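A.B. asks: sequence below, structure please.
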Amino acid sequence: MERVTGGNDLPPQLRGAVIALGNFDGFHLGHQAVVGRAVETARRRGRPAIVATFDPHPVRYFRPDAPPFRLTSLDQRERLFAGAGADAMMVFEFNERLANVTAEDFVRDWLTHTSGVVTGSDFTFGKGRGGNVQVLAELGARQSMTVDAVAAVTLDGESVSSSRIRQALQAGDCATATRLLTRPFAVEGIVQHGDALGRTIGYPTANLSLGNYLRPRYGVYAVRVRLADGRVIDGAANLGVRPQFDPPKELLEAYLFDFDEDLYGQSIEVSLIAHLRDEAKFDGIDALVAQMDRDCDEARRILSAPAT
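C.D. replies: Have a look, this model is predicted:
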C-alpha cells in the first residue's frame, strides 16, 4: 500500500482515483462505511481507491493544548485502510497553509486528478469550515469529479462517532468501544526500558509511552499483545501512573502470560479487552503482588471465554 502526501500532484499510477475524504481517526463503523463506498466505486470504475486523512488532527492545530485524544496512529490507520481494500493512503499535513485554504482552492488544488470523492454527510472543509458536502459537489462538478455522501451509521439508536468511543474508553467500557470500532482499542509503540521493578516482583512488563493516544480510564486491563513477528499473546496491563511507586510515571505496562523474551526496542500493539479495576495503592509489595495474582487470574478467565 502506498502512502502519499496530500496537496501534491498524484503519482501517475494513482491518477483518476476515487478518494474517501475525512479524518478517519479510529476507523470505526461509520468510517468503514465511507471507505467501503469509495472502494466499491473505484472497483466499479476500474480506478484506484485512496483514503485521505489529516495529520496532525485539525483539533491539535487549532487547540495545541488539548489533552491527547487520538484513537489511532498513522501506521495503524494505514493497516486498517489496506485491510478495507484501499490502494493508497493520502496524508494531508494540517498546517497553516491548509488551515487557511478556501474550500474552492482546496478542491481545485488539493484534489487534482481525482475522479470521485466519498465522504460523510457531515463533512466540512476549507477556511472557517466554509465548505460542506453541497459545496464539494458544486465545486467537484466543475472538474468532472463526482461526490457521494454517506449517511451516519447508527448503533443502539445513536450515531457512531469517535467522540462516543472516547467517552466509552474514558469510562472503562471496553465492550462498547470494541463494538463501535469493530475491534478493541489498541496502543502501538516501541517497548522502552523501565526501572525493572516488575521483574523484581515476578511480573516483568513491556512498557509503552501513551504519546498522543487518548488516555482511557486508568487501571488494570485484560489485554492481547501483537508482537512485531505477528504473534498474539494474552496478558494483563496497568495503564496509569503506578501509585505504588514514586515518582509517578504514566505508562502502559503489559505483562505477557507464559512469555519470557526480550522485547526492548521492538514495536508492539496492546489491545485493551476489558477493564478489571482502577489503579490503587496497596499496603506494601506483598499486598500488591497478591492483587496482581488475582488480576491475572481474572484476565486469563476473560480472555479464555468463548467469543459471543
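A.B. asks: my guess is Asn207 meets Tyr255, correct?
C.D. replies: No - counting by CB atoms under 8 Å, Asn207 stays clear of Tyr255, with 10.5 Å between them. Yep, even glycine has a C-beta here, placed from its N, CA and C like the rest.
A.B. asks: now the helices for the stretch 1-150 of the chain?
C.D. replies: For the stretch 1-150 of the chain, the helices defined by DSSP state H, counting those that start in this stretch occupy 29-45, 58-62, 74-83, 96-99, 103-105, 133-142.
A.B. asks: pick the most buried one from those.
C.D. replies: helix 29-45 (a mean of 20; mean count of other CB atoms under 10 Å).
A.B. asks: run the chain-centre distance for it.
C.D. replies: The chain centroid and the centroid of helix 29-45 are separated by 19 Å under CA atoms, centre = their mean, to the nearest Å.
A.B. asks: what does stretch 58-78 give?
C.D. replies: 9 Å.
A.B. asks: and if you look at stretch 294-302?
C.D. replies: Stretch 294-302 sits 26 Å away from the centroid of its parent chain (CA atoms, centre = their mean).
A.B. asks: pull the residues that contact that stretch.
C.D. replies: The contact list for stretch 294-302, computed with CB atoms under 8 Å, 6 or more residues apart in numbering, reads 220-223, 234-236, 255, 257, 273-274, 276-277.
A.B. asks: so where is the protein shaky, pLDDT-wise?
C.D. replies: 7-8, 195-199, 243-246, 308 (pLDDT under 70).
A.B. asks: what about the most centrally placed residue in it, distance to Leu214?
C.D. replies: Centroid-nearest residue in the chain: Thr72, 1.7 Å away (criterion: CA atoms, centre = their mean). When distance is defined by CB to CB, to the nearest Å, Thr72 is 10 Å away from Leu214.
A.B. asks: before we move on, the earlier item: so which of the contacts of stretch 294-302 belong to strands?
C.D. replies: Val220, Tyr221, Ala222, Val223, Asp234, Gly235, Ala236, Tyr255, Ile273, Ala274, Leu276, Arg277 (DSSP state E).
A.B. asks: isn't the last one right up against Val220?
C.D. replies: Just to be clear, that refers to Arg277. Yes - the pair Arg277 / Val220 is scored as a contact, 5.3 Å apart, by CB under 8 Å.
A.B. asks: quick one, which of the two is more surrounded?
C.D. replies: Val220 (26 against 13; other CB atoms under 10 Å).
A.B. asks: contact partners for the residue lying closest to the more buried one once chain neighbours are set aside?
C.D. replies: Once flanking residues are discounted, Val220 sits nearest to Leu276: 4.6 Å by CB to CB, 6 or more residues apart in numbering. Leu276 sits next to Gly219, Val220, Tyr221, Ala222, Ala236, Asp295, Glu298, Ala299, Ile302 when contact means CB under 8 Å, 6+ apart.
A.B. asks: would you mind listing which of the residues you listed are buried?
C.D. replies: Gly219, Val220, Tyr221, Ala222, Ala236, Asp295, Glu298, Ala299 (16 or more other CB atoms under 10 Å).
A.B. asks: partners of the first one in the sheet?
C.D. replies: So the one you mean is Gly219. Leu239 (DSSP bridges).
A.B. asks: quick one on the thing from earlier: distance check, the residue nearest to the centre of the chain against Gly284.
C.D. replies: Taking CB to CB, one finds Thr72 at 39 Å from Gly284.
A.B. asks: now do Asp278
C.D. replies: 19 Å.
A.B. asks: got the domain ranges for the chain?
C.D. replies: What automatic domain parsing lists as the domains of the chain is 2-155, 184-304.
A.B. asks: turn those into TSV, including distance to Ala168.
C.D. replies: Shown next, in TSV, are the domains of the chain (distance: least, CB to CB, whole Å):
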stretch	distance to Ala168
domain 2-155	11
domain 184-304	9
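A.B. asks: and the strands in this structure?
C.D. replies: Going by DSSP E, the chain shows strands at 2-5, 17-21, 49-55, 88-93, 114-120, 146-150, 154-155, 158-159, 186-190, 206-208, 219-226, 232-240, 251-256, 267-277.
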